[in-house]
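Engineer: Take a look and give me a structure for this.
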Amino acid sequence: MDRTVDTAPVGTLRRLRKRFGHVSIAVLLVLAFFRGSRSQDVHEYARYALAFAAHPFARWPVEYPPAAVAVMVPAALSPLAFAFAMLAMAAIVWRALALDCRPAAQRWLTWMAAGATLTALGRYDLVPTACALCALLCAERRRWTGAWGLSLAGACLKWFPAMLWPLLLIAEWHETGRWRWDRATLSGALFAASYGLAWLGAGGHAWSSIGWFLHRPIEVESLAASVLVLVGHSLQVVHSFRSENLVGRGTVLIQHIMLAAQVVGQVVVWGLFVRRRVTLREAATLAMTWLVAVGSVLSAQYLMWVLPFWALTWPSLRLGRWPLVVSLATTVVYPVFYFIDRSGAMWPAMARNLLLLLLVAVGVQTVWRRSQDDYIPTDPS
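Structural biologist: Have a look, this model is predicted:
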């Protein structure tokens with residue numbers, strides 16, 4: 001009896017799916033270029049770069065670290081040049097993930113298409129994200145100088161890669177038995193020096209990004225905003241600090257509570273890593289996710305900070321389909337609801353924030369179950 005199975009339809013289906021994927025990516029790239037070339041942020045970057053060129057060391061970005069002006073130069077040339085520059089950074093992130101694990105690169109690309117199509121090429125967040133990712137990969141390969149240098153470069157552009165510094169310190173202690181406080185001190189000193197250089201030319205204006213951070217109200221997309229809406233305080237949506245924010249009774253208290261929760265969460269992650277309950281990449285993923293999830297500000301582009309880390313730890317933390325769901329929910333918030341009703345974006349944002357917290361819970365539950373089994377993971381060499 002002939003038991004030969006005709007696999008031609010299966011092969012044809014696979015080819016069609018592959019072609020559909022390529023066409024979808026091409027369409028998304030066109031949308032990203034279209035949006036990136038018309039992004040308000042890109043025009044703002046261009047103004048900062050041109051102001052710095054006209055008045056060297058006397059004009060710095062208001063809401064960004066001083067060194068960020070370096071990555072704004074392509075925007076001064078043309079919006080298209082900036083979009084191409086960010087596309088190159090996306091290629092670097094994809095290549096770094098592919099060299100470590102090709103499925104991770106594919107996951108990252110899928111999640112980016114689902115949640116960051118209209119922000120990827122219109123913000124410069126991909127640059128510090130690439131720095132943070134490459135710093136992590138260097139540390140896993142025991143290239144400590146490169147890891148600290150890349151994380152420092154990223155922190156000078158946006159502060160979030162500095163969240164890796166305590167983890168790098170612990171990781172090197174695990175490896176060598178020594179606490180390399182000299183590396184941490186040097187990184188902190190060079191970071192402060194970037195502000196000091198700006199202060200020499202611009203005086204107090206150099207600290208504007210710090211003031212921006214300290215005085216910025218609660219953004220409507222953040223977890224803090226979701227808590228306030230659920231509590232039912234009388235609130236007002238206002239446009240300030242170039243975003244939609246909440247003002248009213250209880251906002252300052254909630255900001256302080258979120259800051260305390262942020263600190264506690266980071267310390268817990270450090271403790272897990274010290275006790276070797278998580279790997280370096282898992283600790284970095286939990287730290288970055290907690291940083292984004294728990295705070296007073298959560299803009300759509302912040303999703304780009306964590307997607308590469310989710311892609312790397314997707315199997316070990318058993319994240320399932322949560323990253324894809326969070327990415328799609330972020331797109332519902334921005335651009336969908338921002339185009340329909342900006343003040344109403346807090347409601348889908350509330351659902352997205354709940355999904356973020358559930359994603360953190362999935363990772364923590366996985367770690368907890370391993371600790372109950374006395375399982376101690378090891379980092380790849």
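Engineer: Any figure for the gap between Val42 and Thr119?
Structural biologist: 11 Å (Cβ to Cβ, to the nearest Å). No exception for glycine: its C-beta is placed from N, CA and C like everyone else's.
Engineer: typo on my end, it should be Phe57
Structural biologist: 30 Å.
Engineer: When those two are compared, which one has more neighbours?
Structural biologist: Higher neighbour count among Phe57 and Thr119: Thr119, with 27 against 15, using other Cβ atoms under 10 Å.
Engineer: Can you give me the neighbour number for the nearest residue to that one once chain neighbours are set aside?
Structural biologist: Nearest non-adjacent residue to Thr119, counting by Cβ to Cβ, 6 or more residues apart in numbering: Gln301, 4.4 Å away. For Gln301, the neighbour count with other Cβ under 10 Å is 21.
Engineer: Quick check: Gln301 vs Asp341, distance?
Structural biologist: 21 Å.
Engineer: for Cys131, same thing?
Structural biologist: The value you get for Cys131 to Asp341, if Cβ to Cβ is used, is 36 Å.
Engineer: what's the answer for Ala76, then?
Structural biologist: For Ala76, the distance to Asp341 - Cβ to Cβ - is 34 Å.
Engineer: ok, these two, which is more surrounded?
Structural biologist: Counted by other Cβ under 10 Å, Ala76 and Asp341 do not tie: Ala76 has more neighbours, with 19 against 9.
Engineer: which SSE is the more buried one in?
Structural biologist: helix 73-77 (DSSP states H and E).
Engineer: mind exporting that helix as CSV, just the C-alpha atoms?
Structural biologist: C-alpha atoms of helix 73-77 as CSV (Å, rounded to 0.1, in the frame of the first residue of the first chain):
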residue,chain,number,x,y,z
VAL,A,73,22.3,65.6,14.1
PRO,A,74,20.7,63.4,11.4
ALA,A,75,17.4,65.1,12.1
ALA,A,76,19.0,68.4,11.3
LEU,A,77,19.9,67.1,7.9
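Engineer: hang on, the earlier thing: ramachandran coordinates for the residue nearest to Thr119?
Structural biologist: The phi/psi pair for Gln301 (degrees, to the nearest 10) reads phi -70, psi -10.
Engineer: what does Gly248 give?
Structural biologist: Taking degrees, to the nearest 10 as the convention, Gly248 sits at phi 150, psi -170.
Engineer: ok, and the closest non-adjacent residue to it?
Structural biologist: Gly248 sits nearest to Leu235 (Cβ to Cβ, 6+ apart), 4.0 Å away.
Engineer: How about Glu282?
Structural biologist: Using Cβ to Cβ, 6+ apart, the closest residue to Glu282 is Thr313 (5.3 Å).
Engineer: Show me what the helix holding Ala76 packs onto, helices and strands only.
Structural biologist: helix 40-54, helix 79-100 (3 or more Cβ pairs under 8 Å, 6 or more residues apart in numbering; DSSP states H and E).
Engineer: thinking again about what came up before, tell me the contacts of the residue nearest to Thr119?
Structural biologist: Counting by Cβ atoms under 8 Å, 6 or more residues apart in numbering, Gln301 makes contact with 116, 119, 123, 125.
Engineer: Check what pLDDT the second one gets.
Structural biologist: Reading off the confidence values, Thr119 has pLDDT 90.
Engineer: got it, and the first one?
Structural biologist: At Ala116, the pLDDT value in this model is 91.
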